[in-house]
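Engineer: quick one, structure for this:
(one chain, ligands or ions: 2)
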Amino acid sequence: MTLVKEKNDLDLVGQSLLTLSVSAISPKTKSANTAKTIKDKMSLIESRFVPAIPDLIDYSDFPSNRINADEEEKKRISRELHDGVGQLLTSMNLHIQRCLDGCDDQVGDKGVSEDHMDSLQALSSMVKQAMNEVRTICSSIRPAILDDLGVLAAITWQCRQISRLSSKFEVFTEFNIDEANIPEEYKSVIYRIVQESLNNAMKYSQANLVKVKLSRTRDTIELSILDDGIGFDPSEIKGRLGIGLMSMRERASSVNAALQVKAAVDQGVEISVSFPLKKVALNG
Ligand SMILES: Nc1ncnc2c1ncn2[C@@H]1O[C@H](COP(=O)(O)OP(=O)(O)OP(=O)(O)O)[C@@H](O)[C@H]1O
Ligand SMILES: [Mg+2]
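Structural biologist: Numbering: from 1, shown residues only. Ligands and ions are numbered 1, 2, ... in the order given. Okay, here's the model as predicted:
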């Protein structure tokens, strides 16, 4: 499939420059053209993308640099919850288990009433439930998978979950980088940007295909999340801006990475971020 420029490039990129013929992937023909193999699908989604749609989104009214502090605070809360309340519940569970084991053969004849046994059992299952809830909260604050398995596995897991959830679109990953080559300070930024991009793709894009790509060049790490959905006009998005696009941008700039939103009506959306590799200087 080739993209055919219908009009000449004009001064204002993002206006007539965006008038490209994408008839081969218009909604009507999209399903007919969906390639059969994963490889074909991947190249299909990539080949349709306009290389240089500028980020025309006007972010001027949004409060600045909040994200880094938020992320630090989340890490702290998650740690406190996990190590504090989590540990306490684990100990309580052990004690309750000891009581249950000790009372098991004494019900009735030696003064342990069935009511007390029932209460102990109820207590045991409530504590277990509380342990699960703490785990769930910790993971939503800072996904444990990020620390346990690394960002690549975390992204892969998330993409699989989404593909399973929705039969409407498929999410592919392509990684040309090793986990060891991703600086720690970039990992949660990468993960959160992928998370929000995928959320947006699920909510708005009506896409068939979404691709998450992470690769390494000599001086940078390049992240891109692109979909083949309905897209939007960047110059008209201001009124609809939520926290999502803005916070992705702030997260990126908190580690001196440059984020670009490429979008056009009926041409999908690509969020791309370039992380510098040589100097990892965090903003204060
Ligand atoms: N992949 C996409 N396809 C089509 N439209 C999109 C896509 N991503 C974002 N948009 C548009 O951009 C708007 C702004 O997105 P943003 O993430 O900032 O806010 P939101 O998702 O509406 O709210 P929040 O992220 O705060 O829950 C969306 O309301 C939607 O109209
Ligand atoms: Mg959003």
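
Engineer: could you list the low-pLDDT ranges of this structure?
Structural biologist: By pLDDT under 70, the low-scoring segments of the chain are 1-72, 107-111, 142-144, 278-284.

Engineer: which strands or helices does the lengthiest helix in the chain pack on?
Structural biologist: In the chain, assigned by DSSP state H, the helix with the most residues is helix 114-141. Packing partners of helix 114-141 (3 or more Cβ pairs under 8 Å, 6 or more residues apart in numbering; DSSP states H and E): helix 67-80, helix 87-103, helix 144-148. In short, each C-beta sits where N, CA and C put it, glycine included.

Engineer: buried residues, that helix. List them.
Structural biologist: Going by neighbour count (16 or more other Cβ atoms under 10 Å), the buried part of helix 114-141 is 117, 123-124, 127, 130-131, 134, 138, 141.

Engineer: now do the SS call for Ile221.
Structural biologist: Assigned with DSSP: H, G, I helix; E, B strand; the rest coil, Ile221 falls in the strand class.

Engineer: who does it bridge with?
Structural biologist: When assigned by DSSP bridges, Ile221 has beta-bridge partners Arg216, Phe275.

Engineer: that one is in contact with Leu214, isn't it?
Structural biologist: Yes. Assessed by Cβ atoms under 8 Å, Ile221 is found in contact with Leu214 at 6.9 Å.

Engineer: and the nearest residue to Phe175 once chain neighbours are set aside, helix, strand or coil?
Structural biologist: In this structure, Phe175 finds its nearest non-sequential neighbour in Leu214, 5.1 Å apart by Cβ to Cβ, 6 or more residues apart in numbering. Classification of Leu214 using three-state DSSP returns strand.

Engineer: burial count for Leu214?
Structural biologist: Residues lying near Leu214 (other Cβ atoms under 10 Å) number 22.

Engineer: quick one: it from Glu133, how far?
Structural biologist: Leu214 is 32 Å from Glu133, where distance means Cβ to Cβ, to the nearest Å.

Engineer: now do Ile243
Structural biologist: 25 Å.

Engineer: does stretch 231-250 reach ligand 2?
Structural biologist: Yes. Stretch 231-250 comes into contact with ligand 2 (Cβ under 5 Å from the ion), by way of 242, 244.

Engineer: dump the residue contacts of the residue of the stretch 51-200 of the chain found nearest ligand 1.
Structural biologist: For the stretch 51-200 of the chain and ligand 1, the shortest gap (Cβ to the nearest ligand atom) falls at Asn200, measuring 3.3 Å. Asn200 makes contacts with 244-245, 269, as judged by Cβ atoms under 8 Å, 6 or more residues apart in numbering.

Engineer: please redo it, this time with the cut-off set to 10 Å
Structural biologist: 225, 227, 229, 242, 244-245, 248, 269, 271 (Cβ atoms under 10 Å, 6 or more residues apart in numbering).

Engineer: in CSV: those residues, plus neighbour count, distance to Asp147 and secondary structure.
Structural biologist: CSV is the format used below for the contacts of Asn200 (neighbours: other Cβ atoms under 10 Å; distance: Cβ to Cβ, whole Å; DSSP: H, G, I helix; E, B strand; the rest coil):
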residue, neighbour count, distance to Asp147, secondary structure
Ile225, 25, 22, strand
Asp227, 28, 29, strand
Gly229, 23, 32, coil
Gly242, 10, 28, coil
Gly244, 15, 24, helix
Leu245, 24, 27, helix
Met248, 24, 22, helix
Val269, 27, 30, strand
Ile271, 27, 24, strand
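
Engineer: in TSV, list the buried residues of helix 114-141 along with distance to ligand 1.
Structural biologist: Shown next, in TSV, are the buried residues of helix 114-141 (distance: Cβ to the nearest ligand atom, whole Å):
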residue	distance to ligand 1
Met117	48
Leu123	39
Ser124	39
Val127	34
Ala130	29
Met131	30
Val134	25
Cys138	22
Ile141	17
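
Engineer: since that was my last question, I'll sign off now.
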